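> everything below, folded, please.
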Amino acid sequence: MVLISSIILFALLVGLLSAIGMSLWVRPKAALDRVAGEIAASEQSMTHPSLAFREIMRKLGSAMPSSPKDSGLLQRRLLTAGFRNPNALRILYGVKGTLAVVLPILVVVLTFTFGLSDQNWIGYVLGAAAVGYLGPNEFIRHAAKKRQKMIKKGMANALDLLVVCVESGLGLDQAIMQVSKELQTAHPEISEEFGVVNLEMRAGKRRVDALRDLGLRTGVDEVKKLVAVLVQADRFGTSIASSLKSHSDYMRVQARQEAETKAAKIGVKLVFPIFFFILPSLFVVTVGPIIVRIFRELLPMMNK
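Have a look, this model is predicted:
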């Protein structure tokens, strides 16, 4: 059984490496020709491994069935996580299908190789398939939440800088572009989002639609509130500088209130760490020597 499992594992590895080698070396110019749009007969260039892997995953994802409802949800989540490639959804489906097949095969090989409770190998295979299919969704969800947190963290600085730019005489479009340039190092996420808004407006999209897409794309409440303020100021013709300054003061007060709320919850959250980690150490330090003296002195006296 061990010999058969070793042969199966060796055959799987050889087949996988052969497929990767064929995709990388037999047709090395496919990705470069697709990007450049030109075919140079005399040149022979190699395709980057990441491009070949994306192309394979895209083809696998295109062949997999998917419901429109789930596809729309995953597409919005990919945008929130910062994946703007048009083929990102197909690549995600390809990765999910590949992991759903590869992980059960590896579990079967490892189970029969090391003899890990052969009676439950079906459960292991089903669990590995579920992890392989649902794991990428959880990764995208975690990446989206992390990016939303970073956008929320940089929103205060972006809003203050936006107020300064508008009050100095710049228009809203130029202010957004300037904020995007200034925050590239400190807050790259919000800088990227403002850069997308600027590119959309330069491409001909209306400012209101570009700002609303910003709120929908990020999914952050603070960004949606800022978009609502800018849309209302643009619709009713009020001063953008005063509106942004009032909203900046409101956001500052809200941030202070959130900080005070978190500080008030610290006492309750410290109960469990103190009870499970600090108090046992205190008991060992304070009561431990007394118990040692009891065992050394009182117990021998009682035995006499």
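> mind listing what Gly219 touches?
By C-beta atoms under 8 Å, 6 or more residues apart in numbering, the contact set of Gly219 is 76, 80, 144, 148. Where you see a C-beta, it was placed from the backbone N, CA and C, and this is true even at glycine.
> at 7 Å instead, please
Counting by C-beta atoms under 7 Å, 6 or more residues apart in numbering, Gly219 makes contact with 80, 148.
> any figure for the gap between it and Phe276?
36 Å (C-beta to C-beta, to the nearest Å).
> from the chain's centre, how far out does stretch 233-253 sit?
The chain centroid and the centroid of stretch 233-253 are separated by 31 Å under C-alpha atoms, centre = their mean, to the nearest Å.
> contact partners of it?
The contact list for stretch 233-253 (C-beta under 7 Å, 6+ apart) reads 156, 159-160, 162-163, 166-167, 172, 207-208, 222, 226, 229.
> give me the buried subset of those residues.
156, 159-160, 162-163, 166, 172, 207, 222, 226, 229 (16 or more other C-beta atoms under 10 Å).
> narrow the residues you listed to those in strands?
Counted as lying in strands by DSSP state E, out of the buried ones among the contacts of stretch 233-253, is not a single one.
> out of these, give me the two with the largest separation.
Across the buried ones among the contacts of stretch 233-253, the longest distance by C-beta to C-beta is 22.8 Å; it joins Ala156 and Arg207.
> which of the helices or strands spans the residue most central in space within the chain?
Nearest residue to the geometric centre of the chain (C-alpha atoms, centre = their mean): Ala143, 0.8 Å. Taking DSSP states H and E as the criterion, Ala143 maps to helix 121-167.
> for that helix, packing partners?
In terms of contacts (3 or more C-beta pairs under 7 Å, 6 or more residues apart in numbering; DSSP states H and E), helix 121-167 is packed against helix 68-81, helix 88-114, helix 172-182, helix 188-202, helix 221-236, helix 240-264.
> dump those helices into a markdown table; add mean pLDDT and distance to Pro136 as well.
Formatted as a markdown table, the helices and strands packed on helix 121-167 follow (pLDDT from 0 to 100; distance: least, C-beta to C-beta, whole Å):
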| stretch | mean pLDDT | distance to Pro136 |
| --- | --- | --- |
| helix 68-81 | 85 | 9 |
| helix 88-114 | 85 | 5 |
| helix 172-182 | 91 | 30 |
| helix 188-202 | 92 | 21 |
| helix 221-236 | 89 | 26 |
| helix 240-264 | 88 | 32 |
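> can you put those in TSV and add distance to Val284?
Listed next are the helices and strands packed on helix 121-167 as TSV, based on distance: least, C-beta to C-beta, whole Å:
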stretch	distance to Val284
helix 68-81	46
helix 88-114	40
helix 172-182	54
helix 188-202	46
helix 221-236	47
helix 240-264	31
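> Leu134 is nearest to which of those?
Set against Leu134 and scored by C-beta to C-beta, the helices and strands packed on helix 121-167 come closest in helix 88-114, at 8.1 Å.
> which parts of the closest one are buried?
Burial within helix 88-114, assessed by neighbour count using 16+ other C-beta under 10 Å, is assigned to 88-100, 103-104, 107-109, 111-112.
> which neighbouring elements make contact with it?
Judged by 3+ C-beta pairs under 7 Å, 6+ apart, helix 88-114 is in contact with helix 2-21, helix 49-63, helix 68-81, helix 121-167.
> got JSON lines for the ones you listed, with distance to Pro300 too?
Listed next are the helices and strands packed on helix 88-114 as JSON lines, based on distance: least, C-beta to C-beta, whole Å:
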{"stretch": "helix 2-21", "distance to Pro300": "58"}
{"stretch": "helix 49-63", "distance to Pro300": "73"}
{"stretch": "helix 68-81", "distance to Pro300": "68"}
{"stretch": "helix 121-167", "distance to Pro300": "56"}
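> and the ones you listed: which comes nearest Thr185?
Proximity to Thr185 (C-beta to C-beta) singles out helix 121-167 among these, at 11.1 Å.
> let me see the mean pLDDT of the closest one.
Averaged over helix 121-167, pLDDT sits at 89.
> how many degrees apart are that helix and helix 240-264 in direction?
Counting by axes from the mean of the first three to the mean of the last three C-alpha atoms, to 10 degrees, helix 121-167 lies at 140 degrees to helix 240-264.
> mind splitting the protein into its structural domains?
Using automatic domain parsing, the domains assigned to the chain come out as 2-24+48-143, 147-256.
> please identify the most buried of those.
By mean neighbour count, with neighbours taken as mean count of other C-beta atoms under 10 Å, domain 147-256 ranks first of the domains of the chain at a mean of 17.
> thank you kindly, that will do.
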